[in-house]
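Undergrad: sequence and predicted structure, then a few things I'm wondering about:
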Amino acid sequence: MFKLNLHKSYLAILFALLVCFESTAQNLDIDILRNINHNRNTALDLTFKTVTNSVFPMAIGVPAAITTLYLLNKDTANKQRAIIIGGTLIISSAITGLLKYSIQRERPFVTYPDIKHIKPEDSYSFPSGHTSTAFALATSVTIAYPKWYVAAPAYLWASSAAYSRMHLGVHYPSDVLAGALIGSGSAWLCYKLNMRLQQRKK
C-alpha cells in the first residue's frame, strides 16, 4: 500500500512538473513572438511577404529545373539530385501535414489578438509548413551540390523564410523550429534511403 501511494506521489509530481514546463514553454514562445512581431520594422513587411511567397514556387521550380537538365542531357548525377530533392519535399510535406492536422494548434493571432498578422492564414500552426519546405529545399540542394556558394545562399533564404513567418505574425517560434528540423531531417532521411537503394542495386 505504501509503495502504491509512493508511485502515485511520483506520478503526481511528474505531472505537475510537465504542466509547469508546458506553461513556461508556452509563455516563452509567445513572449519571443511578441517581441519580434510588435517591434518589427513595418517597412520590411512587403519584403518578408515576398520571401514567404517565394517558398512554394521555389519548391516546384528547383526540382523541375534539375529534372529538365536530366531529360536534356541524360545525366545520371542530375537524375539522383532530382530524386533526392523531390523525395525530400514529399517526405517533409507529408510529415508536416500529418502533424498539423493531428495537433491542430491554433495560429498565434487567433489565441492572442494583439499579434498583428500581415498575411492571412487559415490552416493550423504547428509545425510551420513554409519553414519545413524551405529547409527541406535548402538542405537537399546542399546535399546535391555540396559547395559553400550553394549552401550559404540556400540557408540564408531558408532562414529568412523562417523568420518571415514570425515577422508576419502567423507562427510561433516553436512552429518555426519544428519546421526547420523536419525539413532538414527529411533531406538527410531521403539521402540515406537513396544511398541504400543505390548500394542494393550495385
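TA: In hand now; what should we look at?

Undergrad: torsion angles phi and psi at residue 74?
TA: Per-residue torsions, residue 74: phi 50, psi 40 (degrees, to the nearest 10).

Undergrad: going forward, count from 544.
TA: Sounds good: first residue 544 from here, last item residue 617.

Undergrad: tell me the contacts of it?
TA: Applying Cβ atoms under 8 Å, 6 or more residues apart in numbering to residue 617 gives no contacts. The C-beta positions use only the backbone N, C-alpha and C, and glycine is treated the same way.

Undergrad: tell me how many other residues crowd residue 694.
TA: 16 (other Cβ atoms under 10 Å).

Undergrad: please apply the same query to residue 660.
TA: Around residue 660 there are 15 residues (other Cβ under 10 Å).

Undergrad: residue ranges of the helices in this protein, please?
TA: Secondary structure of the chain (DSSP state H): helices at 545-581, 588-616, 619-646, 651-654, 672-687, 691-710, 716-744.

Undergrad: I'd say residue 708 and residue 673 touch.
TA: Yes: counting by Cβ atoms under 8 Å, residue 708 does reach residue 673; the two are 5.7 Å apart.

Undergrad: quickly list what's touching both of these two.
TA: residue 595.

Undergrad: mean neighbour count, the helices of the chain: which tops it?
TA: Among the helices of the chain, helix 672-687 has the highest mean neighbour count (mean count of other Cβ atoms under 10 Å), at a mean of 27.

Undergrad: just the angle between that helix and helix 716-744, please?
TA: Using axes from the mean of the first three to the mean of the last three Cα atoms, to 10 degrees, the inter-axis angle of helix 672-687 relative to helix 716-744 is 40 degrees.

Undergrad: dump helix 672-687 to CSV, restricted to CA.
TA: Coordinates of each C-alpha in helix 672-687 appear next as CSV, following Å, rounded to 0.1, in the frame of the first residue of the first chain:
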residue,chain,number,x,y,z
GLY,A,672,4.9,24.4,-43.5
HIS,A,673,6.7,27.2,-45.2
THR,A,674,9.7,26.7,-42.9
SER,A,675,9.8,22.9,-43.3
THR,A,676,9.6,23.3,-47.1
ALA,A,677,12.3,26.0,-47.2
PHE,A,678,14.7,23.9,-45.0
ALA,A,679,13.9,20.7,-46.9
LEU,A,680,14.8,22.5,-50.2
ALA,A,681,17.9,24.2,-48.7
THR,A,682,19.3,21.0,-47.1
SER,A,683,18.6,18.7,-50.1
VAL,A,684,20.1,21.2,-52.6
THR,A,685,23.2,21.5,-50.4
ILE,A,686,23.4,17.7,-50.3
ALA,A,687,23.0,17.5,-54.1
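
Undergrad: which helices and strands does that helix pack with?
TA: helix 588-616, helix 619-646, helix 691-710, helix 716-744 (3 or more Cβ pairs under 8 Å, 6 or more residues apart in numbering; DSSP states H and E).

Undergrad: what's the angle from it to helix 691-710?
TA: Using the same axes, to 10 degrees: helix 672-687 against helix 691-710 is 170 degrees.

Undergrad: thank you kindly, that will do.
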